[in-house]
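Asker: Generate coordinates for the sequence data below:
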Amino acid sequence: MMPIADYPARYWHAIDDGRLQCDLCPRDCRLHEGQRGACFVRMRQGDRMILTTYGRSSGFCIDPIEKKPLNHFYPGSSVLSFGTAGCNLACKFCQNWDISKSKDMDSLMDQASPQAIAEQALKYGCRSVAFTYNDPVIFAEYAMDVADACHAMGIQTVAVTAGYLHAQARRDFFAKIDAANVDLKAFTDDFYFRQTGSHLQPVLDTLLYLRHETSVWFEITTLLIPGQNDSDEEITALCRWIAAELGPDVPLHFSAFHPDYKMVEVPATPAATLVRARDIGLRQGLHHVYTGNVHHAAGDTTFCTSCHAPLIVRDWYELTQYRLTPDGRCPDCGDRVPGRFAEQAGHFGRRRIPVVIHAN
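Answerer: Predicted coordinates for the structure are as follows:
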């Protein structure tokens, strides 16, 4: 594996004033010698950009796929998950801030080549590898190389991302991805600007791209924060846009905020807020709306769109009932459920297994 300090980054160009501009995401960071971008991991070194976290991880863990969350992508299967450090957004409510806001590269204890990661996923029987914990777009070169190694072994890839990247990087990155969960953090640009230091439209562009120009299976998560993005009006507008622009079959997960990072004074999201949001989504015509990180039986269950029979019943991350036919249909009415399904459900359950992968 190439030494970390020497790993060349893609997506940049020189500008007239002598700086190098990063073209990965809409932040368009312009860097002098030795400076790092807002993500902290893309750095100018001489006359080029480098990725300082290539081959380095904040840790590896085998999770249930439902934890990503993905409810329509090989339910019950296990996924080898990892992230690096840094992020290109500045969310005041970040739930993984110790990783995404880390500027301490020494916290990246695990080193592993793309080949080693794919081999370990195969060894542990994981159907997929997930780039998660922090946003994988900022370590796109590493993620794409891991994806190539995984695909060579028949292992699929998952991205958990805020979807904040430019068109060229978007095309290259998602060409290597089989499934994604995209954070749609709110439905106003004011929220994006004030609370994340970014903008809404690039995220919508990513969702439109995934829906209309790729075969990537994707689901959407919206973290509801009391008093910030949880009004009936905003939730209605968000759900209406998804139904009209992406289609009613795209699964939407509403999840609960807990006080963290720079928003410790904001109360946790009541479970009733998620239930209310789910009801709004269903009324706006969405077929599959879930409530995340709260215990809510209906909000954990996948129902048939046509006959409304419960098809996949979950208890947190564990499947307690799986009634799909081998080709992904309702056994009662024959309607096909959107998603990617195996002939049989997985049985990984709610376990979380830390894994050590040695560099090679």
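Asker: who touches residue 306 in this structure?
Answerer: Applying CB atoms under 8 Å, 6 or more residues apart in numbering, we find residue 306 in contact with 330, 333, 335. C-beta coordinates here come from the backbone N, C-alpha and C atoms, glycine included.
Asker: per-residue pLDDT, residue 224?
Answerer: With respect to pLDDT, residue 224 scores 98.
Asker: three-state assignment of the nearest residue to it once chain neighbours are set aside?
Answerer: Excluding the flanking residues, the one nearest residue 224 by CB to CB, 6 or more residues apart in numbering is residue 230, at 4.4 Å. Following DSSP: H, G, I helix; E, B strand; the rest coil, residue 230 is assigned to coil.
Asker: Offset the numbering so it begins at 881, please.
Answerer: New numbering, starting at 881: the last item is residue 1110.
Asker: show me the contacts for residue 1110.
Answerer: Residues near residue 1110 by CB under 8 Å, 6+ apart: 1104, 1149, 1153, 1157.
Asker: Selecting buried members of the contacts of residue 1186 in PyMOL, what would you type?
Answerer: Selection of buried members from the contacts of residue 1186 for PyMOL, criterion 16 or more other CB atoms under 10 Å:
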select buried, resi 1210
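Asker: what about the helices in the chain?
Answerer: When assigned using DSSP state H, the helices of the chain occupy the ranges 977-980, 994-1003, 1020-1032, 1047-1054, 1069-1071, 1081-1093, 1112-1121, 1151-1163, 1177-1180.
Asker: Serialize those helices to JSON lines and add fields for mean neighbour count and mean pLDDT.
Answerer: Formatted as JSON lines, the helices of the chain follow (neighbours: other CB atoms under 10 Å; pLDDT from 0 to 100):
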{"stretch": "helix 977-980", "mean neighbour count": "19", "mean pLDDT": "58"}
{"stretch": "helix 994-1003", "mean neighbour count": "20", "mean pLDDT": "96"}
{"stretch": "helix 1020-1032", "mean neighbour count": "21", "mean pLDDT": "98"}
{"stretch": "helix 1047-1054", "mean neighbour count": "18", "mean pLDDT": "98"}
{"stretch": "helix 1069-1071", "mean neighbour count": "12", "mean pLDDT": "97"}
{"stretch": "helix 1081-1093", "mean neighbour count": "17", "mean pLDDT": "98"}
{"stretch": "helix 1112-1121", "mean neighbour count": "17", "mean pLDDT": "98"}
{"stretch": "helix 1151-1163", "mean neighbour count": "18", "mean pLDDT": "98"}
{"stretch": "helix 1177-1180", "mean neighbour count": "17", "mean pLDDT": "96"}
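Asker: Out of the ones you listed, which gets nearest to residue 1236?
Answerer: Residue 1236 lies closest to helix 994-1003 among these, at 9.1 Å (CB to CB).
Asker: Contacts for the closest one, please.
Answerer: Residues from elsewhere that reach helix 994-1003 (CB under 8 Å, 6+ apart): 940, 960, 962, 992, 1008-1009, 1022, 1025-1026, 1028-1030, 1032-1035, 1235, 1237-1240.
Asker: Centre of the chain to it, how far?
Answerer: 20 Å (CA atoms, centre = their mean, to the nearest Å).
Asker: Likewise for stretch 1105-1114?
Answerer: 22 Å.
Asker: try stretch 890-907
Answerer: So, by CA atoms, centre = their mean, the centroid of stretch 890-907 is 25 Å from its chain's centroid.
Asker: Could you tell me the end-to-end distance of that stretch?
Answerer: End-to-end distance of stretch 890-907 (CA to CA, to the nearest Å): 15 Å.
Asker: Show me what counts as buried in that stretch.
Answerer: The neighbour-count criterion (16+ other CB under 10 Å) identifies 890-892, 900-905, 907 as the buried residues of stretch 890-907.
Asker: Also stretch 1206-1225?
Answerer: Within stretch 1206-1225, the residues scored as buried using 16+ other CB under 10 Å are 1208-1210, 1216-1221, 1225.
Asker: Export those as CSV, with columns for distance to residue 1062.
Answerer: Formatted as CSV, the buried residues of stretch 1206-1225 follow (distance: CB to CB, whole Å):
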residue, distance to residue 1062
1208, 22
1209, 27
1210, 27
1216, 23
1217, 20
1218, 16
1219, 15
1220, 16
1221, 21
1225, 24
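Asker: could those go into CSV alongside pLDDT and distance to residue 1076?
Answerer: Output for those, formatted as CSV (pLDDT from 0 to 100; distance: CB to CB, whole Å):
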residue, pLDDT, distance to residue 1076
1208, 95, 36
1209, 97, 40
1210, 97, 39
1216, 97, 36
1217, 98, 33
1218, 98, 29
1219, 98, 29
1220, 97, 30
1221, 96, 34
1225, 93, 36
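Asker: Go through these and flag which are in strands.
Answerer: With strands defined by DSSP state E, no entry of the buried residues of stretch 1206-1225 lies inside them.
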